[in-house]
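Undergrad: missing the sequence, but the structure's below:
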């Protein structure tokens with residue numbers, strides 16, 4: 001069982017390493033140490049090295065995510081984007097980044113959140129690909145953002161948009177306290193740096 005676990009960790013580590021090769025020297029060293037320990041039969045130590053390498057790769061990927069958020073629209077300001085990595089539940093929750101926007105001189109607020117490498121994405125992508133299921137659930141209506149389907153629904157004082165980008169990344173946009181909530185949610189989503197996001201999601 002341990003040998004199988006190590007094999008899975010090695011494959012996962014290599015998948016993470018590919019888009020981060022420019023800054024992956026330390027990570028490469030950790031993977032090489034894990035391989036040597038594995039060849040020596042030191043399975044527990046090898047797994048520890050791989051877990052450490054994976055945690056570092058998740059941190060690097062998370063720290064790059066904030067760069068894909070759009071600048072604030074006219075009449076709005078934005079706080080510095082934040083990212084989350086590490087912790088016991090990171091594999092379940094995925095890698096996350098968020099940014100807060102606020103209306104200059106007004107009460108309007110917007111929250112953008114990106115999640116990747118999460119097991120929840122597959123189920124959400126399947127739901128959004130079935131319009132009949134969405135209509136039956138009353139969860140909102142389908143809109144298109146950059147040619148892909150997204151779910152837009154009104155909330156008590158605004159709107160919420162969910163977009164599973166390329167089946168790999170979930171974008172959540174919540175807008176409140178403004179009459180243009182639905183259009184603003186779509187505008188923010190449409191201005192995401194998709195090229196950079198797709199490079200990170202490889």
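TA: Arrived safely, thanks for sending. These numbers come from a predicted model, not from an experiment.

Undergrad: and the most centrally placed residue in the chain, what does it touch?
TA: Using Cα atoms, centre = their mean, the residue of the chain that lies closest to the mean C-alpha position is residue 115, 2.4 Å off. By Cβ atoms under 8 Å, 6 or more residues apart in numbering, the contact list for residue 115 reads 93, 94, 95, 96, 121, 169, 170, 172. In short, each C-beta sits where N, CA and C put it, glycine included.

Undergrad: who does it form a beta bridge with?
TA: In this entry, residue 115 is beta-bridged to residue 96, residue 170, by DSSP bridges.

Undergrad: most neighbours among the contacts of residue 115, please name it.
TA: With neighbours defined as other Cβ atoms under 10 Å, the most crowded of the contacts of residue 115 is residue 95; it has 27 neighbours.

Undergrad: report pLDDT for it.
TA: Listed pLDDT for residue 95 reads 89.

Undergrad: which SS state does residue 185 fall under?
TA: Following DSSP: H, G, I helix; E, B strand; the rest coil, we place residue 185 in the helix state.

Undergrad: before we move on, what about the one 4 residues further on?
TA: Put simply, residue 189 is helix when judged by three-state DSSP.

Undergrad: give the contact list for the closest residue to it other than its chain neighbours.
TA: Here the nearest residue to residue 189 in space, its sequence neighbours aside, is residue 145; by Cβ to Cβ, 6 or more residues apart in numbering that works out to 4.9 Å. By Cβ under 8 Å, 6+ apart, the contact list for residue 145 reads 161, 163, 186, 189, 190.

Undergrad: cool, and residue 71?
TA: By Cβ under 8 Å, 6+ apart, the neighbours of residue 71 are 78, 191.

Undergrad: element containing it, please.
TA: Following DSSP states H and E, there is no helix or strand that holds residue 71.

Undergrad: do the same with residue 60
TA: Here residue 60, judged by DSSP H and E, is contained in helix 43-64.

Undergrad: all strands for this protein, in order.
TA: Listed in chain order, the strands of the chain (DSSP state E) span residues 76-78, 82-84, 95-103, 109-116, 141-145, 148-154, 158-165, 169-176.

Undergrad: can you list the domains in this structure?
TA: 2-64, 69-200 (automatic domain parsing).

Undergrad: rank these by pLDDT, which is bottom?
TA: Per-stretch mean pLDDT for these is lowest at domain 2-64 (a mean of 73).

Undergrad: mind checking the strands of the chain for the one nearest to residue 195?
TA: When the strands of the chain are compared by Cβ to Cβ, strand 158-165 sits nearest residue 195, at 11.8 Å.

Undergrad: I'd like to know which elements that closest one is packed against.
TA: Secondary-structure packing of strand 158-165 (3 or more Cβ pairs under 8 Å, 6 or more residues apart in numbering; DSSP states H and E): helix 120-128, strand 141-145, strand 148-154, strand 169-176, helix 181-190, helix 194-200.

Undergrad: how near is the residue in the chain sticking out farthest from the centre to residue 63?
TA: For the chain, the residue at maximal distance from the C-alpha centroid (Cα atoms, centre = their mean) is residue 40, at 36.8 Å. To residue 63, residue 40 is 33 Å away according to Cβ to Cβ, to the nearest Å.
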